[in-house]
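Chemist: Fold the following for me, if possible:
(one chain, ligands or ions: 2)
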Amino acid sequence: MTEHRETITIKGLPKQLQFINSKAHSVLLSGGYGCGKTLSLAFKLAMRASIPGAREILARKYFSTLGSTTLRTLLDGDGPTPPILPAGTYRHNKTAHTIRINGGGEIIYVGCDTPEKLGSINASGCAIDEAAELSKQDLIMLRGRCRLQPQNLKPQTYMVTNPQGPLHHLATHFGLDGHTKPAPKTLAILMATSENYHLPQDYVDELDRLTGADRARLFEGKWVQAEGLVYPDFDMHRMVKHRKGPWEKVVVGQDAGFNDPDVMLVVCKDAEGNLHVAQEFYENQQSMDKVVEAAKRIYSEFHPAAFAVDPSAARLRDELYMNHSLPVVKAENPILDGIRAVQRYMVVEGDGTRRFTIDPSCKNTIRELGSYAWAVQRTGETKDVPTDKWNHAMDALRYAVMELDGRSCFCGVVPDVNEYDDDEEDGWLPVGQRMDREAFGGDFWL
Ligand SMILES: Nc1ncnc2c1ncn2[C@@H]1O[C@H](COP(=O)(O)OP(=O)(O)OP(=O)(O)O)[C@@H](O)[C@H]1O
Ligand SMILES: [Mg+2]
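Modeler: Ligands and ions are numbered 1, 2, ... in the order given. Below you'll find the predicted structure:
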């Protein structure tokens, strides 16, 4: 087979070139809609992967979104822009998700939703599109794969994204939050939509008409706080602090994750009714044993009155209660009630004090508190439903607060009939039946 190599020339915009040529260990190009992020990423990826021996990972959070975005720019072209890798210059194995460049190295494309596909790949670098969708753990996992150095090609993670809020882990890592120093050997390049003069003027004008945080993020490419936060009264400067007990009551809120993190929050209430989040467990893809182990450690340290456990985690509830004798309640309560219960603790009191504090070690929960937002309808109005993002610690928090306030709907371990074939278990109540704490009395249930 004759080798077919072709040169493609795209005149890069200044910041695109800065990104493409950067040798920083970790480089981010972030910017408003359409400023040319994906094209820059695909170009840098193709350049690096053309070096013989290179093995570059191309990643997005969800595998299903790669085909319609980054891979299209790379292999099919985008409107008048030709494909970065012209047909005939590579072989594409769609089953193995690899693109082997003639006379060069290869690209392996993956989604972080199927990390097992990465196996134990040794890669030379990693390109990430819409990097803000990835969790910190996803990024650590991808960075950990980059250890090949063919022909002095230095391992690098290079990523592009639309901006998010200043509490996002990327904002902290790259020093975009206004006060954190960027991590060593990192470079962040910010770009506004208007810097891409290839875009149709109508498109740019429409984005230019946006207002507030949307304009700042989506047009100007700035990492600013979104509007419509669920907890607008959360004040990072006043509420993040160390506090010691004594506590009147401690409850652990638990939210179960599979691709998402497993979370346990230790929430304490003092004699004056103030809340303090003392500790977080926030880990991705943990086995049940690991979660149980963490629950036992938390129990021996804080002696919580209850673990208010995710209603969907029936097996974990059973495991904690039956095999480890931990006090468990099924945290089944309407989401809006839970949010309102948490909001009440954050309101500034007449004397300027607040009834909610959180330990500085609870970094993920602090980030979620500053990012958890109401969903926005097509009309631009916010809905009475939070977005399905940044909600793992948030769910755990409202479970704990509802239980601390004595407002959980259910008490004790209530198995769902659908989850068990065996209905012989003595003492179980049928699904949905409310149990009254007092009705059971004693500390059998709590
Ligand atoms: N240097 C360039 N030369 C020619 N066209 C370009 C250049 N940079 C970007 N474009 C074109 O601008 C459009 C937007 O680019 P791209 O999709 O890379 O932007 P993006 O920032 O990833 O957008 P989004 O925010 O939607 O993800 C595309 O049609 C792309 O081909
Ligand atoms: Mg893009």
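
Chemist: I'd like to know how far the closest residue to S64 other than its chain neighbours sits from ligand 2.
Modeler: Leaving aside its chain neighbours, S64 sits nearest to G111 (7.1 Å; criterion: C-beta to C-beta, 6 or more residues apart in numbering). Backbone N, C-alpha and C define where each C-beta goes, glycine included. Distance check for G111 against ligand 2: by C-beta to the ion, to the nearest Å, it reads 16 Å.

Chemist: so who does G111 touch?
Modeler: Contact analysis of G111 by C-beta atoms under 8 Å, 6 or more residues apart in numbering lists 59-66, 117.

Chemist: hey, where'd the helices end up in the stretch 301-446 of the chain?
Modeler: 314-318, 335-346, 363-369, 392-404, 437-440 (DSSP state H, counting those that start in this stretch).

Chemist: Mean neighbour count, mean pLDDT and distance to ligand 2 added to those, as JSON lines?
Modeler: Output for those, formatted as JSON lines (neighbours: other C-beta atoms under 10 Å; pLDDT from 0 to 100; distance: least, C-beta to the ion, whole Å):
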{"stretch": "helix 314-318", "mean neighbour count": "19", "mean pLDDT": "90", "distance to ligand 2": "38"}
{"stretch": "helix 335-346", "mean neighbour count": "17", "mean pLDDT": "90", "distance to ligand 2": "32"}
{"stretch": "helix 363-369", "mean neighbour count": "22", "mean pLDDT": "94", "distance to ligand 2": "24"}
{"stretch": "helix 392-404", "mean neighbour count": "28", "mean pLDDT": "96", "distance to ligand 2": "26"}
{"stretch": "helix 437-440", "mean neighbour count": "11", "mean pLDDT": "32", "distance to ligand 2": "52"}
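
Chemist: Which of those sits closest to L29?
Modeler: Among these, helix 363-369 comes nearest to L29, with 22.0 Å by C-beta to C-beta.

Chemist: Dump the closest one to CSV, restricted to CA.
Modeler: Extracted in CSV, the C-alpha atoms of helix 363-369 (Å, rounded to 0.1, in the frame of the first residue of the first chain):
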residue,chain,number,x,y,z
LYS,A,363,-13.7,20.8,48.8
ASN,A,364,-16.1,19.0,46.5
THR,A,365,-19.1,20.0,48.5
ILE,A,366,-18.0,23.6,48.5
ARG,A,367,-17.6,23.5,44.7
GLU,A,368,-21.1,22.0,44.3
LEU,A,369,-22.6,24.6,46.7
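
Chemist: List the neighbours of that helix that are in contact with it.
Modeler: Outside helix 363-369, the residues within contact range by C-beta under 8 Å, 6+ apart are 167-169, 231, 234, 236, 240, 261, 263, 265, 277, 280, 282, 358, 360, 390-394, 397.

Chemist: can you pull the pLDDT of the residue of the stretch 251-400 of the chain found nearest ligand 2?
Modeler: Relative to ligand 2, the nearest point of the stretch 251-400 of the chain is K389 (18.4 Å; C-beta to the ion). Per-residue pLDDT puts K389 at 84.

Chemist: What about it, how many residues nearby?
Modeler: K389 has 14 neighbours, counted by other C-beta atoms under 10 Å.

Chemist: what's the spacing between the spatially most central residue of the chain and H169?
Modeler: For the chain, the residue nearest the mean C-alpha position is S135 (4.0 Å; C-alpha atoms, centre = their mean). Counting by C-beta to C-beta, to the nearest Å, the gap from S135 to H169 is 8 Å.
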